[in-house]
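Colleague: Structure for this input, please:
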Amino acid sequence: MGLFDVHAHLTHPKLAPQIDQVLAHARAAGVTTIISNGLHPEDNEAVRLLALRDPLVKPAFGLYPVDAVLPEMRALGIAYPRESEVEHDAQTSVRWVRDHVEQAFAVGEIGLDGYWVPEPLWELQEQSFRALVALAIEADKPVIIHTRKRERRALEILQEMGARRVNWHCFGGKLKLARAIAEAGHWLSIPANARRSESFARMLATLPRAKILLETDCPYLGPERDHDNEPANVQHTLRYAAELWGVSEDDALQQLGRNFSTLFGVAP
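Modeller: Purely as a prediction, here's the structure:
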């Protein structure tokens, strides 16, 4: 059973120029599957091409929750620190995913954001989210969720729509809600900074082991602060999980691999 990273950003400007080295590090660490998540059509296309080039990379096509309403935010004079050079409206972005969903390993990242996005735009943001969840369900693809400050609402929508193949990446809500998500049958992926994050450590220690996955969110959330993260660092989270669970690393890997297979339909 190989190691895996269910949420990476291999096309990020910090990683893309050295992608061959990054992938070599991952292989050396025993990583056999990296799901690279797209943020908008431009990024989705870069993810698609990278996955065609290297079988280690599996493509996830999505629409970052802020990008879903970024033109409207700009019109309101609301600044956002990560802005694409190319502005995409939500309809174009959703259409891109629809046109390429059969090539996707998963649909993501998608979700709701109430941190950067003001409440008057929440309903508009939800429209894109619902459209993408519907596409994933129709194509029988898992969804990878990014939600900030609107976790409970995202869960309500997913349950209402009957989405079952769901992973919540880098969950930032309360532990009680994380437990409710696991009880709903969804998975939650733990990033590589778990040893220095009390909330992620508690999730890793207390959530049902069958509902835990590994991620990096690279180049963010690495084991060491102020160092760029890479998929190879899922090995550190594996070791930490084994310690917290009181099992061998191999036993922890087998459990995590089964979790991956249950959600994605293939072994990592």
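Colleague: got the contact list for residue 205?
Modeller: Residue 205 makes contacts with 244, 245, as judged by CB atoms under 8 Å, 6 or more residues apart in numbering. For every residue, glycine as well, the C-beta is placed using N, CA and C.
Colleague: can you check residue 188 too?
Modeller: With contact taken as CB under 8 Å, 6+ apart, residue 188 is in contact with 167, 168, 171, 178, 181, 182, 203, 207, 211, 212, 213.
Colleague: Quickly find the element holding the residue nearest to residue 73 when sequence neighbours are not counted.
Modeller: Excluding its sequence neighbours, the residue lying closest to residue 73 (CB to CB, 6 or more residues apart in numbering) is residue 80, at 6.1 Å. In the assignment (DSSP states H and E), residue 80 maps to no helix and no strand.
Colleague: okay, now residue 80: neighbour count?
Modeller: By the other CB atoms under 10 Å criterion, the neighbourhood of residue 80 contains 13 residues.
Colleague: circling back: among the contacts of residue 188, which lie within strands?
Modeller: When these are checked against strands (DSSP state E), the matches are 167, 168, 212, 213.
Colleague: how close does the last one sit to residue 5?
Modeller: This points to residue 213. As judged by CB to CB, to the nearest Å, residue 213 and residue 5 stand 9 Å apart.
Colleague: So for those two, which residue has more residues nearby?
Modeller: Taking other CB under 10 Å, residue 213 and residue 5 do not tie; residue 5 has more neighbours (34 against 25).
Colleague: Pull up the per-residue confidence for the more buried one.
Modeller: Per-residue pLDDT puts residue 5 at 98.
Colleague: So what does it look like in phi/psi?
Modeller: phi -130, psi 110 (degrees, to the nearest 10).
Colleague: who are the neighbours in contact with it?
Modeller: In this structure, residue 5 makes contact with 26, 31, 33, 34, 35, 214, 215, 216, 218, 231, 234, judged by CB under 8 Å, 6+ apart.
Colleague: what do you get for residue 88?
Modeller: 40, 41, 42, 67, 70.
Colleague: before we move on, what SS does it have?
Modeller: Reducing the assignment at residue 88 to three states with DSSP: H, G, I helix; E, B strand; the rest coil gives coil.
Colleague: Output the lowest-mean-pLDDT helix or strand in the chain as PDB, nothing but the C-alphas.
Modeller: Evaluated with mean pLDDT, DSSP states H and E, the helix-and-strand set of the chain has its lowest mean pLDDT in helix 70-75, which scores a mean of 92. Output for helix 70-75, consisting of C-alpha atoms alone and laid out as PDB, is shown next (Å, rounded to 0.1, in the frame of the first residue of the first chain):
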ATOM      1  CA  LEU A  70     -14.000  37.200  -7.400                       C
ATOM      2  CA  PRO A  71     -15.300  39.500 -10.200                       C
ATOM      3  CA  GLU A  72     -18.200  40.500  -7.900                       C
ATOM      4  CA  MET A  73     -15.800  41.100  -5.000                       C
ATOM      5  CA  ARG A  74     -13.600  43.400  -7.200                       C
ATOM      6  CA  ALA A  75     -16.700  45.300  -8.300                       C
END
